[in-house]
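Asks: below is the sequence, then the predicted model.
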Amino acid sequence: MARFPPGFLDDLKAQADIVQVVQEVVALRRAGTSHKGLCPFHTEKTPSFTVNGDRGFFHCFGCGTGGDVIKFVQLHESLTFPDAVQALAQRFGVQVPVSDDPTRDAAAETERETLLAVHERARDYFREQLAAPAGTEARAHLDARAVRPATAEQLGLGFAPGQREGLKRHLLDAGYSLDILLKSGLVVEREGARTVDRFRNRLTIPICRDGGSVVAFGGRALGMGQQPKYLNSPETPLYAKSRTLYGLHLTKKAIHRLGYAILVEGYFDLAQVVQGGIEPVVATCGTALTASQARLLRRFASKVIVSFDPDAAGQAAAVRSGELLVAEGLEVNVALLPPGEDPDVCVRRRGREAFADTLKQSRPYLESPRPDATSRVTSRGGRSSRRCWPWPPASPTRRPVTSSPTGSRNELA
């Protein structure tokens, strides 16, 4: 039987939207945070079959059948496990690596677990450094950006000291090998075979998978003239930038509950928006949106408001992102900010309500002014379209809402 390398199945299940898969054969209706319908595996008149898109599983309370998206395809299509994996991968455009070496697979899985532990240790180390006297400048930077301590704690922000081997020594003392530190990308090899910390004198931002595991870091320069301004972890066995959305692990429940997401570009855009009590937001980590990220977002939302920088580069990225999102069957609006403002600056300068008003006034993507017109976009269902449905809806009873950090619901008005 075909074997699949460690991590691949997790990646596939992250890309394959179980609600979308099940809806093709079962009429589902939303019931709270889940969806409900008649079970396809036994005859029933009252729906007892539930699908939880957030957690990625289905369960029937009538016959007891349940599992993940792969299990559903197995059972419904009467396929073997490998064939179900192949079918899902083909449908969602995921390349299938196959391994027939159990020993190598076991070693890779052990390495993967060790890399996860290394990143958790690194996050804790950076947070300790932020709270220590050495983190004074980093705390001042956060204060200047109006990032409150509670928000920094929520996002797991930290500080990488300027020493060349601070984190390296800390992790070596914890028992991790130099080889694993190099594979993590947290330590890099310089000329002369010297190994040093990748992040030095930087504010650190942990990047997590949607399940919450830390898989990478972003680092914001703190020194005058320090380049690059932002430095990110490289691609590793844990981290693929093209398949990761920053902040999704914190906001996916709000996105799923409200049915829409606000897509921004940067770490601090997300920080200010979340701090302002607007929860359903994710960021692209400053890179162009990819098809994999669009598919990931579709697991949790049916609508997206794109709010990128108003400069030429930001608007070009908004166009590309809109094309990908519409192609995945999502309703897309574009929120245009005034020149010189991004979501971070907007919230800091004019307040949460100003940004909420901008979102409320967003225009359907295919009706929005943009640098190069897109004549036609083909959706996942094969349909071509020149327009999106206007959204947010005009009716006051259907205006989008968001939850504050305390759990109260506030309209975007």
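Replies: Right, received. Where do you want to start? All figures in this text were calculated on a predicted structure; none of them were measured in a lab. Numbering: from 1, shown residues only.
Asks: what residues of the longest helix seen in the chain count as buried?
Replies: When the chain is parsed with DSSP state H, its longest helix is helix 102-131. For helix 102-131, a neighbour-count test (16 or more other CB atoms under 10 Å) marks 108, 111-112, 115-119, 121-123, 125-127, 129-130 as buried. To be clear about C-beta, it is placed using only N, CA and C from the backbone, and glycine gets the same treatment.
Asks: show me which of those residues is closest to residue 169.
Replies: Residue 169 has its nearest neighbour among these in residue 125, at 10.3 Å by CB to CB.
Asks: picking that back up, same for the longest helix of the chain, what does it pack against?
Replies: In terms of contacts (3 or more CB pairs under 8 Å, 6 or more residues apart in numbering; DSSP states H and E), helix 102-131 is packed against strand 158-160, helix 166-173, helix 178-184, strand 202-208, strand 214-221.
Asks: residue 219: which of the buried residues of helix 102-131 is nearest?
Replies: Relative to residue 219, the closest of these is residue 126; by CB to CB it sits at 9.4 Å.
Asks: beta partners of the residue lying closest to the closest one once chain neighbours are set aside?
Replies: Once flanking residues are discounted, residue 126 sits nearest to residue 158: 2.6 Å by CB to CB, 6 or more residues apart in numbering. When bridges are called by DSSP bridges, residue 158 pairs up with residue 204.
Asks: just residue 197 next, same as before
Replies: According to DSSP bridges, beta-bridge pairing links residue 197 with residue 187.
Asks: list the residues that contact it.
Replies: Each residue near residue 197 by CB atoms under 8 Å, 6 or more residues apart in numbering is listed here: 160, 163, 164, 165, 166, 167, 168, 186, 187, 188.
Asks: same deal with residue 290?
Replies: Residue 290 touches 242, 243, 324, counting by CB under 8 Å, 6+ apart.
Asks: returning to that earlier point: give me the buried subset of the contacts of residue 197.
Replies: 160, 166, 167, 168, 186, 187.
Asks: how close does the last one sit to residue 130?
Replies: In this structure, residue 187 and residue 130 are 20 Å apart, going by CB to CB, to the nearest Å.
Asks: also residue 86?
Replies: Noted for residue 86: a distance of 46 Å to residue 130, by CB to CB.
Asks: what of residue 212?
Replies: For residue 212, the distance to residue 130 - CB to CB - is 20 Å.
Asks: re the thing from before, now the buried members of the contacts of residue 290.
Replies: Burial by neighbour count, 16+ other CB under 10 Å: within those this picks out 243, 324.
Asks: quick one on the thing from earlier: out of the helices and strands packed on helix 102-131, which is closest to residue 302?
Replies: Closest approach to residue 302 among these is made by strand 202-208 (23.5 Å; CB to CB).
Asks: what's the helix or strand for the closest residue to residue 70 other than its chain neighbours?
Replies: Closest residue to residue 70 apart from its sequence neighbours, by CB to CB, 6+ apart: residue 84 at 5.2 Å. Per DSSP states H and E, residue 84 falls inside helix 81-92.
Asks: now swap in residue 137 and tell me
Replies: helix 136-144.
Asks: that helix: which residues count as buried?
Replies: 138, 139, 141, 142.
Asks: for the helix or strand just after it, packing partners?
Replies: Sequence-wise, the next helix or strand downstream of helix 136-144 (DSSP H and E) is helix 149-155. Here helix 149-155 touches helix 267-275, going by 3+ CB pairs under 8 Å, 6+ apart.
Asks: okay, the angle between the helix it packs on and strand 202-208?
Replies: 70 degrees (axes from the mean of the first three to the mean of the last three CA atoms, to 10 degrees).
Asks: and helix 267-275, average pLDDT?
Replies: The predicted model assigns helix 267-275 a mean pLDDT of 97.
Asks: same check on stretch 101-114?
Replies: Here the average pLDDT along stretch 101-114 is 82.
Asks: could you do stretch 219-237 as well?
Replies: In the prediction, stretch 219-237 has an average pLDDT of 95.
Asks: what pLDDT does residue 376 get?
Replies: On pLDDT, residue 376 comes in at 43.
Asks: go on, the one 5 residues further on?
Replies: Reported pLDDT at residue 381 in the predicted model: 48.
Asks: what's the answer for residue 18, then?
Replies: pLDDT recorded at residue 18 is 93.
Asks: ok, it touching residue 53?
Replies: Yes: with contacts counted by CB atoms under 8 Å, residue 18 reaches residue 53, the gap being 5.9 Å.
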